[in-house]
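Trainee: after the sequence you'll find the predicted model.
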Amino acid sequence: MTVERNYDREFVRTFFTSPTAVEGEDDSAKMLESAAGLRGMQAPDVWVPDNEDATAPSMREEGVENIISVVGEHGDEFPGEIHPRIVWHRDDPTTRHTGFEHMMAIADPEDGAGEQIDGFVVPEVGDLDDWKKADEFLTIVETEHGLPEGSLSMSVIVESAAAEIGLNRLREEVGKPSNNLERLFLLVDGEVDYTKDMRAMTPTGGLPEWQTLRHNTSRGASAAGLVAVDGPYDDIRDVAGYRERMRENRAMGMTGIWSLTPGQVATANTAPLPPEEGSWLLEAGGESVELDRVDGREVYHGDAVGLTETADGFELTVDGRTETLDADELRERLVGMTEYVPSLDDVVDSMEEFEAAKEAGKGAIAMTRAATLEIDGVTVEISTDRMWDEATYQAAQTPILLFQDVYEHRQDQHAELADTYGEDVVERAAEVGN
C-alpha cells in the first residue's frame, strides 16, 4: 500500500518545547515570545508551544490564548514548523475533550493561529485505537474550520507500554480508508512518564536508559515512513552527555532529540551534520581517541598506546601489552586500530567520484585514504582502501540527505552553514546525488 504523507521534512533534529503561560509574571506569554524570536542554529526544526506538562493546569486556558496571540502574530516569520502540544490522556475522556476544544480554538483560521501552525502534538496516548480518537478529533477540527483534510499533522508522544506496543501495528493501519493516520508526523519518546507507566525503579531514582524504547520508536517510524525523536535530556549543563546521547541515537536511526533550551537546540542542530574537518580516531584504552593534526601528521598524545623503534623493528604497547612487529605488521596493526571520520567535503568528494565512475560504466571502485600517524615521536604511514559500490553510495547518502533537508527547509541557517563549511562545499553538497 502506497501512503501519501502530508509533510515535506524527512529529518527533524530538534523538538523544542516552551511554556504557553508562566504563572506570576506580568507577561505570561514571555517564554512564547522569546521562542518565537529564535533564528539560525538556535531555532528548532519543530517548535512546540507546550500547553501540557510545561504549563500549570490553572494557566492552560490562558496558554491557549497566548498561543493564538503570539503564534498568530509571529508564526509566519518563524523558520521552523510549529506544533502546539495539547492536553490528552488515554484513560480520561474529559482531558481528551479539553484537548479537542483547545485544538478547535488554536486552529481557527479566523480568530486563532490556524494559518501559522503545522499540526499538533498529542501526549499520553495509549494503543492505536486511542491514536485514532485523536486523529478523528483533528478531522473534525479541519472540517469545522474548512481546512483541507489531512492538512494538520499529528505527532504523538510514546509514554506508555500500550503506545509502544501500538508501534508494531502502525504500518498496517496507516493508509486504511477508515482513518486519516497519514497525518502522522513525529513519534516522540517520553521516557519520564514511560518510566512511571512501567513502574520501573533504579537505585538512584534516575531514569533508565530505555534503549529498547528508543530502538522500537525508531523502528516504528522507519517502517511507517515517519520521523522518530528522542525524549528530553534533563541535565542541561551536561553538553558532553547530550552529545553522546545523540550519537547513540543516530546509530539506531533516530536523528531528532527533544531540546529544553536554545543552547540544547544549537547543539542538537549541529551535531548530526557532517564535521567541518575530517579526523582520524585511534582505539586506545577502550575508547576511540581523536588524533591531533600537526603539520600533516595525525598525532597521539595519550598513555594507553606507546611505540618505540628498535634495531629489529618496532615495539607497540597497547593497554600495557607489548608486541614486537616489523614495519608491515605494524602498519597492518595500526590500520586495524584506526578509523577515519569524513568531513562533509570528504563525503561529497567520494560521492562525486563514484557518480563519475558509474557514468563511465564502472559498478565499483576502490577509494584510498592515507595518513601519517605519530606515536611517541615515531611516524608510520598507513593507508586503507574501501570498495564503493551502489550500496556503499546509498549508505553514504544519509548524511547528505540530512544536509539537503536542512538546506531546503532552513534558509535562516544558510549563512552559518557557509561560514562552517565554505560556500563551495555547501553548494556541492546541496546538489550531489540529485
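Mentor: Received the coordinates, thanks.
Trainee: can you check the pLDDT for residue 300?
Mentor: pLDDT, the model's per-residue confidence, is 97 for residue 300.
Trainee: residue 5 too?
Mentor: 56.
Trainee: wait, residue 72 sits on residue 108?
Mentor: No: Residue 72 lies out of contact with residue 108 (CB atoms under 8 Å); the separation is 9.8 Å. C-beta coordinates here come from the backbone N, C-alpha and C atoms, glycine included.
Trainee: what about stretch 304-319, how long is it end to end?
Mentor: 5 Å (CA to CA, to the nearest Å).
Trainee: actually stretch 402-422, not the one I wrote
Mentor: End-to-end distance (CA to CA), stretch 402-422: 18 Å.
Trainee: next: stretch 176-187.
Mentor: Using CA to CA, first and last residues of stretch 176-187 are 19 Å apart.
Trainee: could you pull out the buried residues of that stretch?
Mentor: 179-187 (16 or more other CB atoms under 10 Å).
Trainee: so which elements touch the longest helix along the chain?
Mentor: Using DSSP state H, we find that the single longest helix of the chain is helix 390-409. For helix 390-409, the elements it packs on are helix 344-359, helix 414-421, helix 423-431, judged by 3 or more CB pairs under 8 Å, 6 or more residues apart in numbering; DSSP states H and E.
Trainee: the inter-axis angle of it versus helix 414-421?
Mentor: 140 degrees (axes from the mean of the first three to the mean of the last three CA atoms, to 10 degrees).
Trainee: flag every buried residue along helix 390-409.
Mentor: For helix 390-409, by 16+ other CB under 10 Å, it's 392-393, 396, 399-400, 402-407, 409.
Trainee: which pair in these spans the largest distance?
Mentor: Spanning the widest gap among the buried residues of helix 390-409 are 392 and 409, at 27.2 Å by CB to CB.
Trainee: does residue 137 touch residue 100 like I think?
Mentor: Yes: counting by CB under 8 Å, residue 137 does reach residue 100; the two are 4.6 Å apart.
Trainee: hang on, isn't residue 265 packed against residue 41?
Mentor: Yes: counting by CB under 8 Å, residue 265 touches residue 41, with 7.4 Å between them.
Trainee: compare these two (neighbour count), which wins?
Mentor: Neighbours of residue 265 and residue 41, each counted by other CB atoms under 10 Å, are more numerous for residue 265; the result is 26 against 21.
Trainee: hey, what's the residue nearest to the more buried one when sequence neighbours are not counted bridged with?
Mentor: Of all residues not flanking residue 265 in the chain, residue 259 sits nearest, at 4.4 Å (CB to CB, 6 or more residues apart in numbering). Going by DSSP bridges, residue 259 is paired in beta bridges with residue 16.
Trainee: contact partners for residue 259?
Mentor: 14-16, 44, 232, 265, 267-268 (CB atoms under 8 Å, 6 or more residues apart in numbering).
Trainee: one more pass at 10 Å, please.
Mentor: 13-17, 42, 44-48, 229, 232-233, 236, 242, 265-269 (CB atoms under 10 Å, 6 or more residues apart in numbering).
Trainee: buried ones among these?
Mentor: 13-17, 42, 44-48, 229, 232-233, 242, 265-269.
Trainee: so which of those are in strands?
Mentor: 14-17, 46-48, 229 (DSSP state E).
Trainee: now the two most distant members of those residues.
Mentor: Between all members of those, the farthest pair (by CB to CB) comes out as 47 and 229, at 13.1 Å.
Trainee: list the residues that contact both of these two?
Mentor: Common neighbours of residue 47 and residue 229 (CB under 10 Å, 6+ apart) are 14-15, 259.
Trainee: just those residues now: which is nearest residue 26?
Mentor: residue 259 (26.8 Å).
Trainee: any idea how far the closest one lies from residue 234?
Mentor: 12 Å (CB to CB, to the nearest Å).
Trainee: one more: residue 78?
Mentor: Applying CB to CB to residue 78 and residue 234 gives a distance of 26 Å.
Trainee: who has more neighbours, these two?
Mentor: With neighbours defined as other CB under 10 Å, residue 78 and residue 234 compare such that residue 78 has more, 20 against 12.
Trainee: centre-most residue in this structure?
Mentor: residue 256 (2.0 Å; CA atoms, centre = their mean).
Trainee: residue 81 is in contact with that residue, correct?
Mentor: No: between residue 256 and residue 81 there is no contact under CB atoms under 10 Å: 12.0 Å.
Trainee: so what's in contact with those two at the same time?
Mentor: With CB under 10 Å, 6+ apart, residue 256 and residue 81 have common neighbours 12, 44-46, 186.
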